[in-house]
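Visitor: A structural model of the following input is requested.
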Amino acid sequence: MPSYPDLPMESVFTRPGGAQCPGVYLHRVGNGRVVYFPGDLDRTFWQVLAVDHGMLLRNAVEWATDEVPHVKVEGPGILDLAVWEQKASMTLHLVNLTNPMMWKGPVREIVPVTGQKIALRVQSDRRVRRVHLLVAARDVPYRTDGDTIYLETPSIGLHEVVAVDFS
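Guide: Just a heads-up that it's a prediction; the model follows:
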């Protein structure tokens, strides 16, 4: 994407016939995949948190890894995820970052997020015995389809942990 001025506001638009430089390069090398952004997309996303930039980065990672993600969470807000697998269990930590001040210093208010739909892949030789929420201190209904379990969390304040016990 060709550059354009950021001020004055009435001049913030791309110009016709500007530079014809691609905004992203995708390349396959053997069985691997490479994504290259010639611009500064990651820093720009970090500074302005534009949804389109985040979606482009996520899609690039998904294309480059070329595999079904181990966890997928859909719902309102912004969550930080961490999956930890042990011999007899798996845990998914969901940290709620949804807040107008989330990157700008101390959090002044916790903004709960509702109904996160979770798809969590488990190894095909594992059998799920129980799924429960550690912060809410209750079991949660789930369904299994192949090597993936599906569930939905209730409202999450600051943090929730999905614990999956295997038999």
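
Visitor: domains of the protein?
Guide: Here the domain assignment for the chain is 19-65, 71-166, based on automatic domain parsing.

Visitor: what segments of this protein are helices?
Guide: Along the chain, the segments classed as helices by DSSP state H run 41-48, 51-65.

Visitor: worst average pLDDT in those?
Guide: Note on the helices of the chain: lowest mean pLDDT is at helix 41-48, with a mean of 87.

Visitor: quick one, which of the helices of the chain is nearest to Pro16?
Guide: helix 51-65 (21.2 Å; CB to CB). Heads up, the C-betas are built off the backbone N, CA and C, glycines and all.

Visitor: quick check: end-to-end length of stretch 90-110?
Guide: Start-to-end span of stretch 90-110 (CA to CA, to the nearest Å) is 27 Å.

Visitor: how far off centre is it?
Guide: Stretch 90-110 sits 14 Å away from the centroid of its parent chain (CA atoms, centre = their mean, to the nearest Å).

Visitor: quick check: buried residues in that stretch?
Guide: Neighbour-count burial for stretch 90-110, counted by 16 or more other CB atoms under 10 Å, picks out Met90, Leu92, His93, Leu94, Asn96.

Visitor: check contacts around the last one.
Guide: Same thing as Asn96. Gly77, Ile78, Leu79, Ile110, Val111, Pro112, Val113, Ile156, Gly157, Leu158, His159, Glu160 (CB atoms under 8 Å, 6 or more residues apart in numbering).

Visitor: the fourth one: what's it in contact with?
Guide: Listed by CB under 8 Å, 6+ apart, the contact partners of Ile110 are Asn96, Asn99, Gly157, Leu158.

Visitor: cool, and the third one?
Guide: For Leu79, the contacting residues are Val73, Leu94, Val95, Asn96, Leu97, Thr98, Val113, Gln116, Ile156, taking CB under 8 Å, 6+ apart as the criterion.

Visitor: export the contacts of Asn96 to CSV and tack on pLDDT and distance to Ala64?
Guide: Formatted as CSV, the contacts of Asn96 follow (pLDDT from 0 to 100; distance: CB to CB, whole Å):
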residue, pLDDT, distance to Ala64
Gly77, 92, 26
Ile78, 89, 22
Leu79, 93, 22
Ile110, 88, 34
Val111, 92, 32
Pro112, 95, 33
Val113, 95, 28
Ile156, 96, 29
Gly157, 94, 34
Leu158, 93, 32
His159, 95, 30
Glu160, 97, 29
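
Visitor: I'm done for today, thanks for sticking with me.
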